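# Need a 3D model of the following:
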Amino acid sequence: NYVLNQTYSVATVPAHWILPLSTDYAMAGYWTFESLNSNTAADVRGVSGNAVLYGEASLEAGRDAGKALHFKSASDFAVVENDKGVLDSAKAFTVEAWVNIQNLQSDSAFVKNIVGKLGFSDSAVFSLSVLKDTCGIEGSAFGFFIAQGSGDSLRCESAAISRAAVEIGSWTYLAASWSGDSAKLYVNGKFEATVATDFEVLVGENGIPLYFGKENLNLLID
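So this is what the prediction gives:
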């Protein structure tokens with residue numbers, strides 16, 4: 001999973017396409033989940049903070065010959081408590097991840113975070129999520145929710161939501177970007193949705209942490 005502090009156009013790509021890890025791409029955080037130091041997954045670029053694992057979160061076989069982070073319940077998650085301010089006052093950013101939803105674990109309507117900068121008291125910045133039977137969607141879908149981040153909550157009206165249903169048990173490449181006036185979501189390299197936004201700068205300087213998971217999902221992130 002990686003986060004960038006500016007946006008890029010994502011074209012249709014092969015399933016094994018990987019973004020070149022050049023400093024020219026303004027990489028703000030890159031967590032490979034290939035290895036752990038105790039219960040910590042490092043940002044291999046050393047720009048942002050490290051992700052601390054909780055619950056029974058573990059590394060398992062991922063795509064190809066690599067490893068992946070596995071969450072099986074809401075008690076399993078990883079959190080970057082201090083991202084060193086890499087998205088503070090950002091005017092654009094991109095977040096990308098390979099995900100494999102094993103089980104949605106619920107019969108009721110929901111929005112569940114895969115990776116997001118989430119706080120308490122309704123303060124949040126963004127969430128790349130999976131949702132079911134909500135926000136005008138019947139069935140499951142992926143969504144990219146974004147808020148200004150200063151006491152704001154993530155709402156359906158500020159979400160770009162995919163038209164394609166979630167394929168359970170399959171690896172999916174998600175990419176989402178925000179550029180000040182709009183947010184966009186791509187699934188497996190295909191443009192899925194966009195939504196207009198009414199703010200030009202992210203207001204998240206109050207130390208909102210970055211979470212991987214923290215939902216009742218059976219989920220792999222590579």
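# which residues in this structure form helices?
Taking DSSP state H, the chain contains no helices at all.
# Look up how far residue 42 lies from the most centrally placed residue in it.
Nearest to the mean C-alpha position of the chain, by Cα atoms, centre = their mean, lies residue 115 at 3.0 Å. Relative to residue 42, residue 115 is positioned 16 Å away (criterion: Cβ to Cβ, to the nearest Å). Every residue, glycine included, has its C-beta placed from N, CA and C.
# go on, residue 172?
For residue 172, the distance to residue 42 - Cβ to Cβ - is 25 Å.
# what packs against the longest strand along the chain?
If you go by DSSP state E, the chain has its longest strand at strand 93-103. Contacting strand 93-103 under the criterion 3 or more Cβ pairs under 8 Å, 6 or more residues apart in numbering; DSSP states H and E are the following elements: strand 2-4, strand 110-118, strand 124-132, strand 171-178, strand 218-221.
# Each with direction, which strands does it pair with?
The pairing partners recorded for strand 93-103 under DSSP bridges are strand 2-4 (antiparallel), strand 171-178 (antiparallel), strand 218-221 (antiparallel).
# Looking at those strands, spot the one closest to residue 198.
strand 171-178 (12.1 Å; Cβ to Cβ).
# Ignoring the adjacent residues along the chain, who's closest to residue 143?
residue 161 (4.3 Å; Cβ to Cβ, 6 or more residues apart in numbering).
# show me what contacts that neighbour?
By Cβ atoms under 8 Å, 6 or more residues apart in numbering, residue 161 lies in contact with 131, 135-137, 141-144, 185, 192-193.
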